[in-house]
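Visitor: sequence below, structure please.
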Amino acid sequence: MPQYHNGILCITVDEWLQSGLTYDQYKNDKRRGYLTIIRTGGGGHPALIEYNTLRGDRRAVIEGHFGDVSRLAQRATLEDYIKPDADAARYYTAYRLPDGRPLREEARVKYLSEACILNALIRYLNDARARRRAMGMRKGELYTHAAGLIDELDRSRYPHDLPLNPRRLKELVQKYRENGYEALVHGNWCNRNSRKVNEKVERLLISIYCMENLPFGEWVHDYYLQFLSGTLRIADAET
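Guide: From the prediction side, this is the model:
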């Protein structure tokens, strides 16, 4: 659906075609300089055409199909859906890793921001489904557009590591719907069965302590973090 990219009102080539305009018209207008491409396609994101650079007759056809494009795009701005989440703030402040440590401040801020973004995205998706049907958008395109909206967020204001691949984003949203705030914590640090996780962590620490060089306490912590990051392989001391 129409969107703002860096403050510029844009449509995609698919939306150009959905309105009834042809691909040959698009290529001719592009070649003659009658439209401006704001973002080239690639990486799962469609090319974006600056709407206000289109010829008047082209805009008339598009608005005849979609209606007021600027108002439609304003409703699709994800930041308008973002709201504070006090429950998420309390959850990540009280959260403890399997070894008893609290989350680092940077991690708490990021997880809280991601929760607020996903809350907003779910509200947006609920509102967007009706518009998708009205606009003739294919079902799979919804998450492509959603990933584009997340990509446009100012990361200095909304820090996050949310996936921008539409398929992975859809999987995360489903996981977040099912597991809530826990779904955002690093996968090596959480599991639906916390008792099972703690048993695994306990066996991991025992395996580190059983190393031939008998590491000191600070070494154990360092090896533990290296193992979680995938840079160190550790075999179970018993098995």
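
Visitor: tell me how many other residues surround the closest residue in space to residue 181 that isn't next to it in sequence.
Guide: Closest residue in space to residue 181, ignoring its immediate chain neighbours: residue 91 at 4.6 Å, by Cβ to Cβ, 6 or more residues apart in numbering. In short, each C-beta sits where N, CA and C put it, glycine included. A total of 19 residues lie near residue 91 under the criterion other Cβ atoms under 10 Å.

Visitor: hang on, residue 91 packs against residue 183?
Guide: No. Residue 91 is beyond contact range of residue 183, at 11.5 Å (criterion: Cβ atoms under 8 Å).

Visitor: so where's the longest helix in this protein?
Guide: Ranked by residue count, the top helix of the chain under DSSP state H comes out as helix 105-135.

Visitor: for it, buried residues please.
Guide: 107-108, 110-121, 124-125, 128, 132, 135 (16 or more other Cβ atoms under 10 Å).

Visitor: can you check stretch 147-162 too?
Guide: For stretch 147-162, by 16+ other Cβ under 10 Å, it's 147, 148, 149, 150, 153, 158, 159, 160, 162.

Visitor: what residue ranges in the chain score low on pLDDT?
Guide: Regions of the chain meeting the criterion pLDDT under 70 cover residues 6-7, 43-44, 74-77, 127-140, 186-206, 208-221, 224-225, 227-231, 236-239.

Visitor: now the strands for it?
Guide: With strands called from DSSP state E, the chain shows them at 3-5, 8-12, 37-39, 48-50.

Visitor: now those in CSV, with distance to residue 24?
Guide: Compiled in CSV, the strands of the chain are given as follows (distance: least, Cβ to Cβ, whole Å):
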stretch, distance to residue 24
strand 3-5, 25
strand 8-12, 17
strand 37-39, 17
strand 48-50, 15
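
Visitor: residue 226: which of these is closest?
Guide: For these, the distance to residue 226 is smallest for strand 37-39, at 38.9 Å, taking Cβ to Cβ.

Visitor: quick check: phi and psi at the closest residue to residue 65 other than its chain neighbours.
Guide: In this structure, residue 65 finds its nearest non-sequential neighbour in residue 19, 4.1 Å apart by Cβ to Cβ, 6+ apart. Torsion angles at residue 19 (phi, psi; degrees, to the nearest 10) stand at phi -70, psi -20.

Visitor: hmm, who's touching stretch 106-122?
Guide: 78-79, 81-85, 88-89, 92-93, 95, 103, 146, 149-150, 153, 158-162, 172-173, 176-177, 181, 184-185 (Cβ atoms under 8 Å, 6 or more residues apart in numbering).

Visitor: show me how far stretch 59-68 is from its chain's centre.
Guide: Between the centre of stretch 59-68 and the centre of its chain there are 30 Å (Cα atoms, centre = their mean, to the nearest Å).
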